[in-house]
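Peer 1: I'd like to go over a predicted model; first the sequence, then the structure.
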Amino acid sequence: MIASKIPATVITGFLGAGKTTLIRHMLANAKGKRIALIINEFGDLGVDGDVLKGCGDEVCSEDDIVELNNGCICCTVADDFIPTMEQLLARKDRPDHIVIETSGLALPQPLVAAFNWPGIKTQVTVDGVVTVVDSAAVAAGRFAHDHDKLDAQRLADEGLDHESPLEELFEDQLTAADLIILNKADLIGAAELDGVRTGIAGHLTRKPVFVEARQGEVAPEVLLGLGIGTEDDIANRKSHHELHHEDGHEHDHDEFESFVVTLGPVANAAAFAEGLKSLIVSHDILRLKGFADVAGKPMRMVVQAVGSRIDTHFDRPWGTGETRETRLVVIGLHGIDEAAIRDSLAGLTG
Ligand SMILES: Nc1nc2c(ncn2[C@@H]2O[C@H](COP(=O)(O)OP(=O)(O)OP(=O)(O)O)[C@@H](O)[C@H]2O)c(=O)[nH]1
């Protein structure tokens with residue numbers, strides 16, 4: 001008897017859109033379906049994996065979570081993704097479903113195309129591509145064309161052969177979608193949300209399904225079981241890069257930069273968060289996340305910033321034998337002033 005193919009769902013979406021939050025909710029509500037997770041992050045801190053471990057104990061134990069943090073998954077398909085899939089498929093206790101969270105900067109196209117590789121195609125199929133959208137960021141014009149900035153970038157770099165990197169990537173992630181989650185609906189009004197939906201739909205030639213969400217709360221029955229087989233249609237969902245470089249020119253992420261900063265204990269959590277907020281605005285930091293060691297507190301503080309919106313909360317006690325330290329990953333556009341940001345961050349702890 002030929003075993004049926006394992007469905008795999010690709011969850012994509014720009015930095016901070018709410019992919020990890022959506023997956024957390026899905027794991028907590030998966031009702032016994034055994035899910036294996038492959039998580040890819042930009043920046044080598046492994047925050048997403050850490051946030052997800054333990055939250056779906058019954059359906060997805062730590063052994064079922066594989067972190068691929070060796071660059072964006074779309075560029076490391078052959079070296080990282082394929083071997084990981086092969087290992088998952090070689091297991092005796094194969095999962096019911098595989099969920100892959102791409103980094104916020106990844107192009108889904110090369111990843112989906114990898115499901116056509118011999119050895120993978122016979123055993124797994126792409127159930128669907130789910131693209132998570134930060135509706136509030138879209139409504140605020142985060143991905144819209146900023147002509148002044150773009151002109152300045154073009155002046156600085158004559159080789160620039162494309163539109164704004166943010167806009168392009170955002171569009172590529174939408175182009176690949178079977179299901180679009182309009183997340184963070186709590187942050188904007190109904191009319192604005194409608195505007196976001198119509199704006200996105202107007203850009204797409206295909207007609208993916210739209211679902212609104214708050215805090216990534218989408219029923220697993222809606223996310224999983226789409227049964228699309230997206231790998232067979234991926235040639236019709238080309239990214240800007242594929243359209244511009246049919247000659248096989250390598251895709252990379254040169255437009256973005258990330259670095260990890262390690263700091264000592266934070267004296268005052270509220271002042272630290274306020275300081276981070278101004279730093280994010282003054283340096284146009286796209287994403288900042290990690291953990292902080294707050295002096296005198298037994299718990300670890302999670303720091304999550306998307307644009308200028310910052311959230312901090314204490315998630316769990318520091319473990320015995322675990323080094324208490326403050327570690328943050330900072331992501332911005334190419335040319336972000338790393339030295340100045342490092343200096344300012346060091347000044348915020350004391
Ligand atoms: N207000 C609001 N905040 C949200 C919602 N969904 C997620 N967030 C917050 O947005 C921040 C980023 O969420 P994540 O789930 O980590 O986003 P992500 O897409 O996994 O981020 P990257 O992996 O870094 O690209 C966190 O502080 C979340 O708590 C939502 O629907 N509404």
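Peer 2: Yep, it's here.
Peer 1: where does residue 98 fall, secondary structure wise?
Peer 2: Assessed by DSSP states H and E, residue 98 sits inside strand 97-101.
Peer 1: partners of that strand, with directions?
Peer 2: strand 6-12 (parallel), strand 35-40 (parallel) (DSSP bridges).
Peer 1: neighbours of the residue of the stretch 151-300 of the chain found nearest the ligand, how many?
Peer 2: Residue nearest to the ligand within the stretch 151-300 of the chain (C-beta to the nearest ligand atom): residue 184, separated by 4.0 Å. In short, each C-beta sits where N, CA and C put it, glycine included. Counted with other C-beta atoms under 10 Å, residues neighbouring residue 184 total 28.
Peer 1: quick one, phi/psi of it?
Peer 2: phi 60, psi 30 (degrees, to the nearest 10).
Peer 1: figure out which of the strands paired with strand 97-101 is closest to residue 210.
Peer 2: strand 6-12 (15.4 Å; C-beta to C-beta).
Peer 1: state the distance from the residue nearest to residue 98 when sequence neighbours are not counted to the ligand.
Peer 2: In space, and not counting its chain neighbours, residue 98 is closest to residue 8: 4.0 Å by C-beta to C-beta, 6 or more residues apart in numbering. Here the criterion is C-beta to the nearest ligand atom, to the nearest Å. By it, residue 8 lies 18 Å from the ligand.
Peer 1: what residue lies at the spatial centre of the protein?
Peer 2: residue 104 (3.3 Å; C-alpha atoms, centre = their mean).
Peer 1: surely it is in contact with residue 15?
Peer 2: Yes. Proximity of residue 104 to residue 15 meets the contact threshold set by C-beta atoms under 8 Å, at 3.3 Å.
Peer 1: would you check that the residue of the stretch 151-300 of the chain closest to the ligand makes contact with residue 139?
Peer 2: No. Between residue 184 and residue 139 there is no contact under C-beta under 8 Å: 9.3 Å.
Peer 1: related to what we said a few turns ago, pull up the overlap in contacts between residue 104 and residue 15.
Peer 2: Common neighbours of residue 104 and residue 15, counting by C-beta atoms under 8 Å, 6 or more residues apart in numbering, are 42, 287, 331.
Peer 1: hey, C-alpha coordinates of the helix or strand hosting the last one in CSV?
Peer 2: It refers to residue 331. Per DSSP H and E, residue 331 falls inside strand 326-333. Written as CSV, here are the backbone C-alpha positions of strand 326-333 (Å, rounded to 0.1, in the frame of the first residue of the first chain):
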residue,chain,number,x,y,z
THR,A,326,19.9,40.5,28.2
ARG,A,327,20.1,39.4,24.5
LEU,A,328,18.3,41.2,21.7
VAL,A,329,18.2,40.7,18.0
VAL,A,330,18.0,43.9,15.9
ILE,A,331,16.8,43.8,12.3
GLY,A,332,16.8,46.8,9.9
LEU,A,333,17.5,47.8,6.4
